[in-house]
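In: Using only what follows, build the 3D model:
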Amino acid sequence: MRDKSLNPEAMEARVARFNKLQTYQRQNFDAHGIPAGAVEKITARRVYPVMAPADYQGRSAGAPVKGPRGLIVSIAECEPGNGPGLHRHLNTVENFLCLSGRFEIAWGDQGQHKLVLEPLEMISVPRGENRSFRNVSGETARLLVMIVPESDEQSDPISYAPSLAKEIENDYGKGALEGLQKIGFKFEMSRCPERRTR
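Out: Numbering: from 1, shown residues only. Alright, predicted model coming up:
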């Protein structure tokens, strides 16, 4: 039996207030000198890290709530038509819960399969599967993103096609590409050797 509850100050350290969240674009991309245009090619317009393990190595490491190992939570906020390009997470399952608006989720080698999530609907995309999401509503929409590492390593490497790397380097310079690689973005064609479903 516990002797004592957390005091209000200790509990407040475990709270993420949306109006105080900073996007991981601001936390990571700005810090590595990655131009906004390069960021727009690989991620949703604004992603707010909410919770990550204390030892997490990746884009959401600056989340205000330090939670249990094995769960990274963020909120993607997208204007109509906005969303990240086709990519795959190499070590993690990515789960999407539509909070507001409507999101088209695409998957497959070329994103050929699609479905639409309405508010409070959820999908779980296994590691190694190409995926993207895009706001298909006429308003700014939010998607709760929960990433679950399938190994003890608390990181979330992502892979994009080499053609996108070349495009980023040509448009924004080698420094932009190197900055993206420093925070876990990979540009390669090889598929994840083992695909799992959940």
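In: how about the strands in this protein?
Out: 46-53, 65-67, 72-78, 88-89, 92-100, 103-107, 113-117, 122-125, 131-135, 141-149, 158-160, 185-187 (DSSP state E).
In: now for these, which one comes closest to Asn7?
Out: strand 65-67 (17.0 Å; CB to CB). Just so you know, the C-beta spots here come from the backbone N, C-alpha and C atoms, and that holds for glycine as well.
In: Next, the buried residues of that closest one.
Out: By 16 or more other CB atoms under 10 Å, the buried positions in strand 65-67 come out as Gly67.
In: What average pLDDT does that strand get?
Out: Averaged over strand 65-67, pLDDT sits at 94.
In: Repeat that for stretch 91-100.
Out: When pLDDT is averaged along stretch 91-100, the result is 96.
In: what's next to it, contact-wise?
Out: Under the contact criterion CB atoms under 8 Å, 6 or more residues apart in numbering, stretch 91-100 has outside partners 72, 75, 103, 105, 117-127, 131, 133, 139, 141-151, 153, 155-157, 198.
In: pull the CA atoms of that stretch into CSV?
Out: The C-alpha trace of stretch 91-100 is given here as CSV (Å, rounded to 0.1, in the frame of the first residue of the first chain):
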residue,chain,number,x,y,z
ASN,A,91,11.1,-0.2,-35.6
THR,A,92,7.6,1.0,-34.5
VAL,A,93,3.9,0.5,-34.9
GLU,A,94,2.1,3.8,-35.6
ASN,A,95,-1.4,4.2,-34.3
PHE,A,96,-3.7,7.1,-35.5
LEU,A,97,-6.8,8.3,-33.7
CYS,A,98,-8.7,11.0,-35.5
LEU,A,99,-9.6,13.8,-33.0
SER,A,100,-11.2,16.3,-35.4
